[in-house]
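>>> Got a sequence here, can you model it:
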Amino acid sequence: MARTMDIAKVRNIGIMAHIDAGKTTTTERILYYTGVSHRIGDVDSGTTQMDWMEQEQERGITITSAATTCEWRGHQVNIIDTPGHVDFTVEVERSLRVLDGGVVVFCAVGGVQPQSETVWRQANRYKVPRLAFVNKMDRTGADFWRCVGQMRGRLKAHAIPVQIPLGRESSFRGCIDLIEMRSLVWDKDTLGSDYTVREIPADYIEAARKARSELIDAVAEYDDASMEDYLAGIEPTVEVLKMLVRKATLANGIIPVACGSSFKNKGVQALLDAVVDYLPSPADLPPVVGVEPYKSNGHAVEVERPASDDAPFCGLAFKLMNDPFVGQLTFVRVYSGVLKAGEQVLNPAQDKKERATRLVRIHANKREEVKELRAGDIGGVVGLKVSVTGDTLCSQEHPIRLESVRFPDPVVDVALEADSKGDSEKLFASLRRLALEDPTFKFRVHEETGQTIVSGMGELHLEIIVDRLLREFKVAGRVGRPQVSYRETVTRTVEAESKYIKQSGGHGQYGHVVLRIEPMARNSGLIFEDVTVGGVVPREYIPSIERGIREAAQLGILAGFPVVDVKLSLLHGSYHEVDSSDLAFRVAASMGLKDLVARANPVILEPVMLIEVIVPSEYLGDVLGNLATRRARVAKVDAQDNLHVVGAEVPLGEMFGYVTDLRSMSQGRGTQTMEFLHYAPAPAAVQTRVINAGRSI
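Sure, this is the predicted structure:
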């Protein structure tokens, strides 16, 4: 089957933003104007196509990223609409890993908000070219230029408008296209389907000329011939200017900025034009790079796969979903080659072969079966048994392993218990399926109490998990009070010897290791290194030693929380030709870790959150006073009209119930957003309380 759409005309984009900036509303308008849907969905009434989950429709927020496909000006645009709430930031992370470009939506009133900064950092990490869309230009307090200034100041982005607004607040009626120097005015009577092209009004001519000159200044350097013309005072043609903006965008040199009001149906077609004109196709990007997974010399050998149908097949599984009709559905981005329905592929991470029984194109919660997926496509695969998020799928003859997806650790724990004994097995099966879908959701059974502990990114995240258990899996559960997920680490370097020797009449056990523990930088995790020389410990026992260390570290030493940000080095040891075994060395290593941590001045680490509170000025004093009682460190207090924006770092353990307090203090007029920042040593009193609580369990 031949390719139906030239790969140069494919756009894989994500729409991302802070919560309530208008991502889903913008996507709904895109679907309407491209003819995919025949009605405009509304977030508030729960009628959007992209927010199809019951929990999304009830709360009016996006919880899970939804994919869809549409066509515009002869181009295929694959869109992923991502959540804005920080509890579901994993959806943005894994979407950005596989997308070629992005549209970041900003509220013209709120400007750059906390989650805007988070998604921006994520896009920077994956070097994703992007556009900015300043939405809600019709709202009271909308300020396009303030929003652009915040992008430049807070995000350090080279934000360059390619459009400027025509009017603002209630008088907003369209935009001025700086490329073609014309104004676009939308027709209210046709739900924005029609717009007229007009001359730029006289009172906007000077502002448009100034903004266009700034645009040309920013992009002229991306083409030598254009730079020479620019220095000679020759203005670029429309075609040349579009080419320059595209080049600068693909090089991440500028962020083109468009504007509009999605809810009032203004500016969306011009945004689609910008997506087609400026964002990359899969063919515009460098070949994807991975490593050859089966090289025997132990050295990683880099291999490339160009975005071509003729190259060997290579794709990345970036999301798993439980589909009521087809079972487990795996979202896959195809980077090279062709994947055919029924074909067997290799998963090098699991060292297993998988069969892609069926292939589908995805439109929110609807499926369209297809015979193949080609380079640049994003689709669903039915029939994969062992593949999880971040696994590579590739040709068996040409194996490659791509970089996986990195996920933050969960920070909030709750105890979960099935309502009846009969539901216990069903509960564990359901939790396993949810954990496969969402890598930031984890669960475990507490060693001493037998309680099931579930961990997530926040209270809302866990609330949604429990709700899904009831609705999708028909398992009712009782939930305990949220608990903070602390960590343990050490503050000094220590060496120690550990032996596990059990000898009886017959075959005994003998494991002997000498280990060193040393503190590492935050977010280092646990690093294991074998520095022994001369074969004092046979090579076959080294993996068992590492396993024993990691198992003991997960259970914690002080209060049952994982040990992190440490390096364990195997310095020496000995073995017995008869009695040594994997078990003996695993136990010796586990005992050694416990001894080392206890002697290396262990401390408890607590999660610290970045919080931003927006309140009317008259409540500022009460808010600051309340934050002080929660051990907050206030980093900024900015004035915006009659509001104040407070930015602070505060321990998560002090923030339970804060939303209720804020509403009470501000008569319901204050809002807050919170995201995980880092782990930091807890004060002595908190450490004592946490350790005592751990011992009393």
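>>> what pairs with Tyr500 across the strands?
Using DSSP bridges, the bridge partners assigned to Tyr500 are Gly511.
>>> That one: neighbour count?
A count of nearby residues for Tyr500, using other CB atoms under 10 Å, gives 21. Where you see a C-beta, it was placed from the backbone N, CA and C, and this is true even at glycine.
>>> quick one: contacts for it?
By CB atoms under 8 Å, 6 or more residues apart in numbering, the residues touching Tyr500 are Gln509, Tyr510, Gly511, His512, Ala584, Phe585, Val587, Ala588, Met591.
>>> Tell me, how many residues neighbour the nearest residue to the fifth one once chain neighbours are set aside?
The spatial neighbour of Ala584 that comes closest, neighbours along the chain excluded (CB to CB, 6 or more residues apart in numbering), is Gly511 at 3.4 Å. Gly511 has 32 neighbours, counted by other CB under 10 Å.
>>> Could you do Val533 as well?
By other CB under 10 Å, 8 other residues sit near Val533.
>>> Need the pLDDT of it.
Listed pLDDT for Val533 reads 74.
>>> State the distance from it to Gly111.
Separation of Val533 from Gly111 (CB to CB, to the nearest Å): 59 Å.
>>> and the gap between the residue nearest to Ala584 and Ala684?
For Gly511 relative to Ala684 (CB to CB), the value is 36 Å.
>>> before we move on, what about Gly141?
From Gly141 across to Ala684, the span is 46 Å (CB to CB).
>>> Of the two, which one has the most company?
Each of Gly141 and Ala684 had its neighbours counted (other CB under 10 Å), and the higher figure belongs to Gly141 (16 against 10).
>>> How about the lengthiest strand in the chain, which residues are buried there?
Scanning the chain for the strand with the most residues, using DSSP state E, yields strand 602-616. By 16 or more other CB atoms under 10 Å, the buried positions in strand 602-616 come out as 602-615.
>>> any idea which of those is closest to Ile378?
Checking the buried residues of strand 602-616 against Ile378 by CB to CB gives Leu610 as the nearest, at 31.6 Å.
>>> and Arg663, helix, strand or coil?
helix (DSSP: H, G, I helix; E, B strand; the rest coil).
>>> cool, Asn12 as well?
Recorded secondary structure, Asn12: strand (three-state DSSP).
>>> which residues pair with it across the strands?
Asn12 forms beta bridges with Asn78, as assigned by DSSP bridges.
>>> What's the local residue count around it?
Neighbourhood size, Asn12 [other CB under 10 Å]: 26.
>>> residue contacts, Ala584?
Tyr500, Lys502, Gln509, Tyr510, Gly511.
>>> My guess is the last one contacts Arg586. True?
It refers to Gly511. Yes - counting by CB atoms under 8 Å, Arg586 is a contact partner of Gly511 at 7.5 Å.
>>> any idea which helix is longest in this protein?
The longest helix of the chain (DSSP state H) is helix 582-599.
>>> What residues sit buried inside that helix?
Residues of helix 582-599 classed as buried by neighbour count (16+ other CB under 10 Å): 584-597.
>>> Turn those residues into CSV, columns for pLDDT.
Shown next, in CSV, are the buried residues of helix 582-599 (pLDDT from 0 to 100):
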residue, pLDDT
Ala584, 91
Phe585, 92
Arg586, 92
Val587, 93
Ala588, 93
Ala589, 93
Ser590, 94
Met591, 94
Gly592, 93
Leu593, 93
Lys594, 93
Asp595, 93
Leu596, 94
Val597, 93
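>>> Could you dump the residues you listed into a markdown table and include distance to Lys242?
As requested, these are exported to a markdown table (distance: CB to CB, whole Å):
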| residue | distance to Lys242 |
| --- | --- |
| Ala584 | 69 |
| Phe585 | 64 |
| Arg586 | 63 |
| Val587 | 67 |
| Ala588 | 67 |
| Ala589 | 62 |
| Ser590 | 63 |
| Met591 | 67 |
| Gly592 | 64 |
| Leu593 | 60 |
| Lys594 | 64 |
| Asp595 | 67 |
| Leu596 | 62 |
| Val597 | 60 |
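>>> For Arg481, which non-adjacent residue is closest in space?
In space, Arg481 is closest to Val414, 7.1 Å off (CB to CB, 6+ apart).
>>> would the one you found count as being in a strand?
Yes - judged by three-state DSSP, Val414 forms part of a strand.
>>> I figured it was touching Val454, is that so?
Yes - counting by CB under 8 Å, Val414 touches Val454, with 5.8 Å between them.
>>> Give the residues shared as contacts by those two.
With CB under 8 Å, 6+ apart, Val414 and Val454 have common neighbours Leu462.
>>> Of these two, which one has the most company?
Val454 (25 against 21).
>>> now the more buried one, nearest residue through space, not along the chain?
Counting by CB to CB, 6+ apart, Val454 lies nearest to Phe443, which is 4.5 Å off, once chain neighbours are set aside.
>>> Tell me which residues touch Pro607, please.
Pro607 neighbours (CB under 8 Å, 6+ apart): Val411, Val484, Ser485, Tyr486, Pro651, Leu652, Gly653, Phe676, His678, Tyr679.
>>> Show the buried residues in those.
Among those, those scoring as buried are Val411, Val484, Ser485, Tyr486, Pro651, Leu652, Gly653, Phe676, Tyr679 (criterion: 16+ other CB under 10 Å).
>>> Excluding chain neighbours, what is closest to the first one?
It refers to Val411. Excluding the flanking residues, the one nearest Val411 by CB to CB, 6+ apart is Pro607, at 4.4 Å.
>>> what does the fifth one give?
Leaving out its chain neighbours, the residue that sits closest to Pro651 by CB to CB, 6+ apart is Glu606, at 5.0 Å.
>>> hang on, that neighbour packs against Ala685?
No - contact between Glu606 and Ala685 fails when scored by CB under 8 Å: they sit 11.7 Å apart.
>>> What segments of the stretch 51-200 of the chain are strands?
Here the stretch 51-200 of the chain has its strands, by DSSP state E, counting those that start in this stretch, at 66-72, 75-81, 101-107, 130-135, 159-161, 163-166, 174-177, 182-186, 195-198.
>>> let me fix that: the stretch 501-650 of the chain
509-519, 526-530, 566-574, 602-616, 633-640, 643-651.
>>> so which of those strands gets nearest Thr237?
strand 633-640 (40.9 Å).
>>> The stretch 301-450 of the chain: helices as residue ranges?
Assigned by DSSP state H, counting those that start in this stretch, the helices in the stretch 301-450 of the chain fall at 424-437.
>>> which stretches of it aren't confidently modelled?
When residues are selected by pLDDT under 70, those of the stretch 301-450 of the chain lie in 364-365, 421-422, 446-450.
>>> same deal with the stretch 451-600 of the chain?
482, 504-506, 534.
>>> contacting residues around the residue nearest the centre of the chain?
Geometric centre of the chain, nearest residue: Glu93, 2.0 Å, by CA atoms, centre = their mean. By CB under 8 Å, 6+ apart, the contact list for Glu93 reads Gln122, Val405, Arg406, Phe407.
>>> Okay, Tyr278 and Leu155: tell me how far apart.
Counting by CB to CB, the gap from Tyr278 to Leu155 is 18 Å.
>>> Looking at the two, which is more packed in?
Just comparing Tyr278 and Leu155: by other CB under 10 Å the higher neighbour count belongs to Tyr278, 24 against 20.
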